[in-house]
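[1] task: produce atomic coordinates for the following.
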Amino acid sequence: RILLYLHGGLNSESGCAKRIIGMRDVMLENEIYPLHVMWESDFLSSVAGLFKDLFTEADKLAGGGFLENLTEAKDRVLELTLARVGHRLWGEMKENAQLASVHPHNIGGIQLVAQYVALAKQKLDKADKTGWELHIVGHSAGSIFAAHALESLSSLGIPLKSVQLLAPAIRIDTFKNRVLPSVETGHAPLPSLYILSDKLERDDSVGPYAKSLLYLVSNAFEGTREVPILGMKACLDTDAQLAELFGSTIDGRPALVVSRGIPIDPAGEAAAIAQGASVSHSHGGFDNDTATMNSVLTRVLDNTPKRLFTARDLHY
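    Here you go, the predicted model:
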């Protein structure tokens, strides 16, 4: 079992490395070989810099500290103030995710993976090639990376057994254009989604912005306001096609797992994880959440893991 893990675009190089090390031993003990693509855009630091540079202007527009207690008004001022620069930075990150699969000089990360897989398969006899499985996990902007990689990865000659997206930051129209055709032709399985409830999205924050990153992306960084994002429960609920699609099951488990941040009763934890569970409280918290990551393991194995993730493992 090869698991391709595509982290979000918020991580620094050291943050990426810590995640790789934190997941490694548990994956290997469950006979899963983890393969990580490091694309350390560190977008969160860029956003933090935007807030630092531009919040003074936003605060001036808001009348000094007058709007500090008027959350919606303050957030709208921030969206307007950050939109132009944020749109450029977010666009660059999305372009990097795309180029990993379609770089004109064939040096993109996914292109290199495909090349090395082809070389490895040439060295194996027919018997050695049986039983291979490929699994994909994408967190946040990693879902954009996965969407562009899907065509290449599904043509490697290795069965693509599962795709799991944690708080996917991909636009719904991009998802429909890049992912659903492969699902409909049977070249890729329907992804499992792990998302926050809308209440938790609204209770999350990015610096002084009092909602989750996905709200900031939807209302500022995608160029227009209220762009539908796959990882937002409010957007899924208003899309009849996706509501029906993710109201289904994958291998007997719900295709959609919604975190409401409520702790799982220890007595029922094993059963909850077997079906799919998450208690993440934030957009960035899914890969630190034991319920989410153990549910990911269970779906990859289609069985109970030999070793579960603990909070210590996921404390990057």
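[2] for the rest of this, base every contact and every neighbour count on C-alpha atoms.
    Will do.
[3] list the contacts for the residue nearest the centre of the chain?
    The C-alpha lying nearest the average C-alpha coordinate of the chain belongs to His139 (Cα atoms, centre = their mean; 1.9 Å). His139 makes contact with Leu6, His7, Gly8, Leu165, Leu166, Ala167, Pro168, Phe286, Asp287 under the criterion Cα atoms under 8 Å, 6 or more residues apart in numbering.
[4] repeat that for 10 Å
    By Cα atoms under 10 Å, 6 or more residues apart in numbering, His139 lies in contact with 5-9, 145-146, 164-169, 194, 283-287.
[5] whichever of these end up buried, select them in ChimeraX.
    Written as a ChimeraX command, the selection of buried residues from those, which uses 16 or more other Cα atoms under 10 Å, is:
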select :5,6,7,8,9,145,146,164,165,166,167,168,169,194,283,284,286,287
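[6] narrow the contacts of His139 to those in strands?
    With strands identified by DSSP state E, the entries of the contacts of His139 that belong to them are Tyr5, Leu6, Gln164, Leu165, Leu166, Tyr194.
[7] nearest to Val296 among the residues you listed?
    For the ones in strands among the contacts of His139, the closest approach to Val296 (Cα to Cα) belongs to Gln164, at 7.3 Å.
[8] hang on, the closest one packs against Gly231?
    No: with contacts counted by Cα atoms under 10 Å, Gln164 stays clear of Gly231, the gap being 11.9 Å.
[9] shared neighbours, the two?
    Common contacts of Gln164 and Gly231, defined by Cα under 10 Å, 6+ apart, comprise Ser143, Leu193, Tyr194.
[10] for those residues, which one is nearest Lys123?
    Sorting the shared contacts of Gln164 and Gly231 by distance to Lys123 puts Ser143 at the head of the list, at 31.6 Å, by Cα to Cα.
[11] quick check: closest non-adjacent residue to the closest one.
    Spatial nearest neighbour of Ser143, excluding adjacent residues (Cα to Cα, 6 or more residues apart in numbering): Pro168 at 5.3 Å.
[12] quick one, phi/psi of that neighbour?
    With angles defined as degrees, to the nearest 10, Pro168 sits at phi -60, psi 130.
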